[in-house]
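Undergrad: A predicted structure for the sequence below; I have some questions about it.
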Amino acid sequence: MALSLVLLFVTGLNGKLGWVAAFFFSYVSVSFIAEYRRAGKPAAQDSLLTSISRFAIFLAIIPIASILATVISKGWRGLHWGLFTQDMSEATVNSPIQQGGMLAAIVGTLIMVGLALLFTLPIAILTALYLTEIKGKFARPIRFLVQAMSGVPSIVAGLFILSSIVYPVTGERSGLMGALALSILMIPTVARTAEEVLLLIPNDLREAGLALGATQWRTVAMVVVPAVKSGLVTAIILGVARVIGETAPILLVSGGGDATNVNPVSGPMGSIPFYVWNAFLLGGTEESTQRTWAGLLVLLLWVLILFTIARYISSRSQKR
Amino acid sequence: MTDTQIPARRELVTKPRRSDQFFRFVVTTGGMSSLIILGLIFAFLAYRGLGVLRVEGFGFLTNSDWSVVEDENSNIVSQDYGLAAMLIGTILSATIAVLVGVPIAVLSALFLEFYAGRKIRNILIGLIDLMAAFPSILFGLWGFLVLMPSAEYWAKLLNKYFGWIPVFDVPVPFFTRSPFIAGLVLAIMIIPICTSISREVFSQTPLDRIQAAYALGATRFAMIRAVVLPFGRGGIVGGAMLGLGRAMGETVAVYTVLNVVYQVNWQVLFGAGGNIATLIILKFGEADREEINALMAAGLVLFLLTLVVNGVANILVSRLGKVGR
């Protein structure tokens, strides 16, 4: 402690963070020297790694805590019931907070994510089944490609939909295009999680099915897939959580409107991240800041709920 | 008792039934979809961007001039597309992210795997997994509002003590919205994925080797250095590269914290820069047909870059287990 104060003085660090850094350095060096004198070099090295790794996990956790605290403390003031019943068609981001709401954004997100799920589900599950049930010649390269696909930047997915469908075919941005872009990002997440749970199914089950004279198709449809139902739900939830906060592709391909639009085929469609983005970029007033953080809080709540359900399902299936 | 009916002898075949053949066909087709989608992404971006790439040639990657000059009737007089400034910006901020984020992530993984008690471990793993699910816009706005003031302070400190190193020098004392801060936000964003991959790799370390090291009287530090790190080296590097790929493609978080200016900027503490993804968002709104094609070409470069980085990373991670002593 005393040493950390000295360090503070010497280096000119200040503020809470400066104090934490100084405390860390002094703690590490003091414990290192103490261990060195008590038990020699190996013990001192051991204590060094212990304290550094403790500090690292501390550093990794700080942002999460800070993000949660910031969003909740700044967001709750902007919450009101109108948020879920009004849209922004008659209000700007700088209007008083009681006017306008996120209806358009929430409806848009629900429609786009739902459609994206519809496109993703068959493709992702077929991919997972190919990797675990058929195990064909191409299983290894396909697994590799699915992993590579999970690294495709979201903006590239947006550009792809723009170049392949929006410009040549429809000529108009719409929620459907947004859903297509989101499903590109969703497929790898769902496919990989589904593959993992399918791999956990003991081979005995498959062999039992085949031994009863079932065809492979019936074995998969009536034995394997029902056995991993909860795992597939987890996969879907993780996929939804992956794309629900995507902003960049929405900006490019779905236009992002302020009015509530339930028709995914025509007209721009908003989304929660788009709402936040707009309030952040166009605003600058007290009201727009409140809107931004209220939007983020709603988004965060979605993510938290989805994540908790996924954890709950997977922990329950582990116990069985 | 009536006479029992003996079922007809079943025909034994190794050839799949018709239904199975159909099933296998459908599943195989579905399985190929990732190949098809990746191929289509490449094809369409290349198709759109080819014109620009042909005009600019290799200069698309090496020139750092992105400008469209129009006369008063808004006819385009000349246009010039070179990606170098943004390419450098992409690599710069992603490198900062890896340099800051990976050590923290690897040490955290060591803590979770070898130091933490069971209960704390489960809670921390849950938190870090949750962080991986946070949307990027959340990181961006948090970085803008909360991280920026303190990061700016660190930047000034770095500049004060290490300003004699060219990278940490600044032409004008303007520290807000610099690549350094963008790098820090990206570092925080890649910590969860790096941590979980390193942790997975560490947990695969053969138990007998760990116990052998302890039996020889090793401390935990000596055991980690002699057994865990050599075994997990490939996995750590692979995890770091996966993080690099994530950091390169990030759009929204970088856009909110970085002062996106089209110029070559090596000086990480100075508040100007950008990356390819932010360039696309920035220019997209007012771009005409030709410039959009140029942006498609930029997207193609980004796509190939992340694909290569991710590919190498996945090979490194999956090759694990065959190496080590």
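TA: Received, thanks. Not measured: the values here are computed from a predicted model.

Undergrad: in the stretch 1-150 of chain B, which spans are strands?
TA: Remark: strands assigned in the stretch 1-150 of chain B by DSSP state E, counting those that start in this stretch are B:66-70, B:76-81.

Undergrad: What residue spans form the domains of chain A?
TA: Following automatic domain parsing, one finds the domains of chain A at A:2-78, A:88-319.

Undergrad: so can I have TSV of these showing mean neighbour count and mean pLDDT?
TA: In short, each C-beta sits where N, CA and C put it, glycine included. As requested, these are arranged in TSV below (neighbours: other C-beta atoms under 10 Å in any protein chain shown; pLDDT from 0 to 100):
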stretch	mean neighbour count	mean pLDDT
domain A:2-78	16	76
domain A:88-319	20	85
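
Undergrad: just checking, residue A:170 touches residue A:177?
TA: Yes. The pair residue A:170 and residue A:177 passes the contact test of C-beta atoms under 8 Å, sitting 7.2 Å apart.

Undergrad: before we move on, back to that, between the strands of the stretch 1-150 of chain B, which one is closest to chain A.
TA: Closest approach to chain A among those (C-beta to the nearest C-beta): strand B:76-81, 15.4 Å.

Undergrad: Which other helices and strands does the helix or strand residue A:70 falls within contact?
TA: In the assignment (DSSP states H and E), residue A:70 maps to helix A:41-75. Using 3 or more C-beta pairs under 8 Å, 6 or more residues apart in numbering or on different chains; DSSP states H and E, the elements in contact with helix A:41-75 are helix A:15-39, helix A:286-319, helix B:84-110, helix B:118-132, helix B:136-142, helix B:179-203, helix B:220-223.

Undergrad: Packing partners of the shortest one?
TA: The one in question is helix B:220-223. If contacts are counted by 3+ C-beta pairs under 8 Å, 6+ apart, helix B:220-223 sits against helix A:41-75, helix B:207-215.

Undergrad: let's go with 6 Å and repeat that
TA: Here helix B:220-223 touches helix A:41-75, going by 3 or more C-beta pairs under 6 Å, 6 or more residues apart in numbering or on different chains; DSSP states H and E.

Undergrad: now swap in the third one and tell me
TA: For helix B:84-110, the elements it packs on are helix A:41-75, helix B:179-203, helix B:229-249, helix B:276-284, judged by 3+ C-beta pairs under 6 Å, 6+ apart.

Undergrad: orientation of the second one relative to helix B:84-110 in degrees?
TA: For helix B:179-203 against helix B:84-110, the angle between stretch directions is 40 degrees (axes from the mean of the first three to the mean of the last three C-alpha atoms, to 10 degrees).

Undergrad: which element is the most centrally placed residue in chain A on?
TA: Ranked by distance to the mean C-alpha position of chain A (C-alpha atoms, centre = their mean), the top residue is residue A:242 at 3.5 Å. Assignment of secondary structure by DSSP H and E places residue A:242 within helix A:229-243.

Undergrad: With distance to residue B:88 and mean pLDDT added, can I get the strands of the stretch 1-150 of chain B in CSV?
TA: Shown next, in CSV, are the strands of the stretch 1-150 of chain B (distance: least, C-beta to C-beta, whole Å; pLDDT from 0 to 100):
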stretch, distance to residue B:88, mean pLDDT
strand B:66-70, 13, 73
strand B:76-81, 16, 72
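
Undergrad: Can I get these in CSV including mean neighbour count?
TA: As requested, these are arranged in CSV below (neighbours: other C-beta atoms under 10 Å in any protein chain shown):
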stretch, mean neighbour count
strand B:66-70, 14
strand B:76-81, 14
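
Undergrad: For those strands, give me CSV that also has distance to residue A:285.
TA: Output for these, formatted as CSV (distance: least, C-beta to C-beta, whole Å):
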stretch, distance to residue A:285
strand B:66-70, 33
strand B:76-81, 37
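
Undergrad: between those strands, which gets nearest to residue B:154?
TA: strand B:66-70 (31.0 Å; C-beta to C-beta).

Undergrad: What helices and strands are in contact with that closest one?
TA: Strand B:66-70 sits against strand B:76-81, with contacts defined as 3+ C-beta pairs under 6 Å, 6+ apart.

Undergrad: Repeat the analysis, applying 10 Å as the threshold.
TA: strand B:76-81, helix B:84-110, helix B:276-284, helix B:289-318 (3 or more C-beta pairs under 10 Å, 6 or more residues apart in numbering or on different chains; DSSP states H and E).

Undergrad: Where among these is average confidence lowest?
TA: With a mean of 72, strand B:76-81 has the lowest mean pLDDT of those.

Undergrad: got the angle for the helix holding residue A:70 vs helix B:179-203?
TA: Using the same axes, to 10 degrees: helix A:41-75 against helix B:179-203 is 120 degrees.

Undergrad: coming back round to it: from the chain's centre, how far out does the following helix or strand past the helix holding residue A:242 sit?
TA: Later in the chain than helix A:229-243, the nearest helix or strand by DSSP H and E is helix A:248-253. In this view, helix A:248-253 has its centroid 17 Å away from the chain centroid, taken as C-alpha atoms, centre = their mean, to the nearest Å.

Undergrad: Tell me the first helix or strand C-terminal of helix A:248-253.
TA: Using DSSP H and E, the helix or strand that follows helix A:248-253 in sequence is helix A:272-282.

Undergrad: and that next one, does that touch chain B?
TA: Yes. Helix A:272-282 reaches chain B (C-beta under 10 Å from any C-beta of the partner chain) through A:272, A:273, A:274, A:276, A:277, A:280, A:281.

Undergrad: Please list all residues in contact with the last one.
TA: Applying C-beta atoms under 10 Å, 6 or more residues apart in numbering or on different chains, one finds that residue A:281 lies in contact with A:93, A:288, A:292, B:255, B:256.

Undergrad: between those residues, which is closest to residue B:219?
TA: The closest of the contacts of residue A:281 to residue B:219 turns out to be residue B:256 (C-beta to C-beta; 44.8 Å).

Undergrad: give the contact list for the closest one.
TA: Going by C-beta under 10 Å, 6+ apart, residue B:256 touches A:247, A:277, A:280-281, B:136-137, B:139-145, B:148, B:177, B:182, B:185, B:278.

Undergrad: ok, 8 Å please
TA: By C-beta atoms under 8 Å, 6 or more residues apart in numbering or on different chains, the contact list for residue B:256 reads A:280, B:137, B:140, B:141, B:143, B:144.

Undergrad: Tell me the one among these nearest to residue A:231.
TA: Nearest to residue A:231 among those: residue B:137, at 29.3 Å, using C-beta to C-beta.
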